[in-house]
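1. show me how the following folds:
(2 chains)
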There are 2 protein chains.
Amino acid sequence: MILYLNGKFSEFDKIKISPYDRGFLFADGVYEAIRTYHKKLFRHEDHLQRLKRSLNAIRINFNETDTLEKIIYKLIEENKIKNEALIYLQITRGAAFPRTHNFPEEKTSPTVFISVQDLNIKKEEHLKGIKVILQEDVRWLRCDIKSISLLPAVLANQKAVEANAGEAIFVRNGLITEGSRTNFFAVKNNTVFTAPLSNLILDGITRKVVLELCKELEINYREEFIKADDLKTYNEFFITSTAKEITPVVQIDNWKVKENSAGKITGLLLQAFHHKVS
Amino acid sequence: MILYLNGKFSEFDKIKISPYDRGFLFADGVYEAIRTYHKKLFRHEDHLQRLKRSLNAIRINFNETDTLEKIIYKLIEENKIKNEALIYLQITRGAAFPRTHNFPEEKTSPTVFISVQDLNIKKEEHLKGIKVILQEDVRWLRCDIKSISLLPAVLANQKAVEANAGEAIFVRNGLITEGSRTNFFAVKNNTVFTAPLSNLILDGITRKVVLELCKELEINYREEFIKADDLKTYNEFFITSTAKEITPVVQIDNWKVKENSAGKITGLLLQAFHHKVS
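-> Numbers count the residues shown, from 1 in each chain, chains lettered A, B, ... in the order given. Down below sits the predicted model:
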């Protein structure tokens, strides 16, 4: 497996970073996950725009986002990706000694790390749906930044795995924000609901695509918080992400919503999504 | 400079970690900063106990905390530390491929990284005091865990540096929690106030020592939140940490509290602290 780090393409075992990288010491960095359809990057511009917003928000100067596309395609080629590729891209503030909380006094070069792997889509999840669990949202108040400060997402996701669930959905002050690595949607009276954009959620690319599809299909949607206490008043649920696309949710904690299939509106969106990317 | 990583003592340039270390990808780790007085680790047991609590909280299995003391003393010797040492110790969940939010399916060995450096105490800060700035506390709701998920602390601390301040003090819902890397204290009517232990602050070792000193000196203290709006009703302020010990605060944002010196109670505590460690 060939990885990219700071201008070099090297074998997995040869890629090493300094323990003084601020990504390792402070979670001082951001990331993106991008995928291909038909070997082409999907919504590449949206991902790069979001990357730039994340970099600006934490004040990492990196002006070479235009070069990333070429690097990614080279990685796909070097790794002989057979089907579709899942690209992971992380940029940190770089390595600096000594360790100081504030930005290093001497300007550092950002660390740019990119990997690609064969995308392993669990197709049965799209058909049968998944279980999710609810977890208290204890994350920081800048979830709009796609930062690597992911420890709370890790802990919540692990709880999901231990509950045989595919995702943990966060609840803050009684309101559903998003999943540990996905956006969350609910449907009621043929209207699609999802949390509004704010500092509490990530501006998901697939979330955006779904809202575009709602417009195209003339399905009503509202960017409004779903209350955890009101969940049972909705009759369909799904999550979205680059890797999970649109995945129906058929169980929330112990509540079995559906018998292992997508609801009507979810099904329409899934169909339209697959049409769009096919 | 000799560093320690996973059983090996090596030169600075030879110490490298995998980009798949979960510390680098997810901030999935914890740390401690410890110092020596008279070449002996100060409050070593307190630091190790807190380290164990942090490890337990994020469910990293590491049963070798008893071995750390010996490693630290060897590092101090190898690095020929002349005066006192500042020890940095970080433990992450280890490296695992592929990247998954949940804990790796195959058990990983935790990554243990330790460095020591000559402690550079800014003595004039103890005499003249420092300026601090107030910053909104946007951190996660488990600040009792000394995790490496430090991006919000980094951003706040950088703002402090840019305001010619020595520390950023966090305010959550109008209440002062703690500094970006210190605990915060205020004094009113000869009574010392500091935020109570909870999920919102770190159980600082120097904070604990200060409360012990209050008892010894028969100074009243209360573990109660200080309201940001009430700051001007207090007449002394100081911050505490392993590296900053007790440091008087003489300016908060634009408010000049004191003319570059510690207040009466702060002075008594400083004196007693220096007596304790001398």
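2. report pLDDT for the closest residue to A:M1 other than its chain neighbours.
-> For A:M1, the nearest residue in space outside its immediate sequence neighbours is A:F12; the separation is 4.5 Å by CB to CB, 6 or more residues apart in numbering or on different chains. For glycine as for every other residue, the C-beta is placed from the backbone atoms N, C-alpha and C. pLDDT, A:F12: 94.
3. now do the same contact list for A:F12.
-> By CB atoms under 8 Å, 6 or more residues apart in numbering or on different chains, the contact set of A:F12 is A:1-3, B:97.
4. please name the bridge partners of A:N183.
-> On DSSP bridges, the residues paired with A:N183 through beta bridges are A:T240.
5. can I assume it is in contact with A:L200?
-> No - taking CB atoms under 8 Å as the definition, A:N183 is not a contact partner of A:L200, at 11.6 Å.
6. hmm, A:N235 is touching A:T266, no?
-> No - contact criterion CB under 8 Å: A:N235 and A:T266 do not qualify, at 10.0 Å.
7. who's more crowded, these two?
-> A:T266 (25 against 15; other CB atoms under 10 Å in any protein chain shown).
8. where's that one, which helix or strand?
-> helix A:264-277 (DSSP states H and E).
9. A:T108 too?
-> No secondary structure element spans A:T108, as it lies outside all helices and strands (assigned by DSSP H and E).
10. for burial, what's the neighbour tally of the nearest residue to it once chain neighbours are set aside?
-> Distances taken as CB to CB, 6+ apart put A:G94 closest to A:T108, at 3.3 Å, once the chain neighbours are dropped. For A:G94, the tally of surrounding residues (other CB under 10 Å) stands at 24.
11. and stretch A:18-29 with chain B, contact?
-> Yes - legend: contact between stretch A:18-29 and chain B by CB under 8 Å from any CB of the partner chain is shown at A:18-19, A:21-28.
12. related to what we said a few turns ago, for the residue nearest to A:T108, grab phi and psi.
-> Torsion angles at A:G94 (phi, psi; degrees, to the nearest 10) stand at phi 100, psi -180.
13. most widely separated two among the contacts of A:F12?
-> Comparing all pairs in the contacts of A:F12 by CB to CB, the longest separation belongs to A:I2 and B:F97, at 13.5 Å.
14. okay, the two: which has more neighbours?
-> Using other CB under 10 Å as the criterion, A:I2 and B:F97 rank with A:I2 on top: 19 against 14.
15. now do the same contact list for A:L25.
-> A:L25 sits in contact with A:19, A:99, B:90, B:148, B:150, where contact means CB under 8 Å, 6+ apart.
16. and if you look at A:P19?
-> If you count contacts by CB under 8 Å, 6+ apart, then A:P19 has A:25, B:3, B:5, B:15-17, B:90, B:113, B:115 around it.
17. so for A:N183 and A:L200, which sits in the more crowded spot?
-> Neighbours per residue (other CB under 10 Å) separate A:N183 from A:L200, with A:N183 holding more: 24 against 20.
18. and the next element down the chain from the helix-or-strand element of chain A with minimal mean pLDDT?
-> Within chain A, confidence by mean pLDDT, DSSP states H and E is lowest for helix A:123-128 among all helices and strands, at a mean of 79. Next helix or strand after helix A:123-128 toward the C-terminus (DSSP H and E): strand A:130-136.
19. helices or strands up against whatever helix or strand comes next after that following strand?
-> Next in sequence after strand A:130-136, counting helices and strands by DSSP H and E, comes helix A:151-162. With contacts taken as 3 or more CB pairs under 8 Å, 6 or more residues apart in numbering or on different chains; DSSP states H and E, helix A:151-162 sits against strand A:130-136, strand A:167-172, helix B:22-26.
20. of all these, which lies closest to B:D229?
-> Using CB to CB, the helices and strands packed on helix A:151-162 put strand A:167-172 closest to B:D229, at 24.9 Å.
21. who does the closest one pair up with?
-> Note on strand A:167-172: by DSSP bridges, its sheet partners are strand A:130-136 (parallel), strand A:175-179 (antiparallel).
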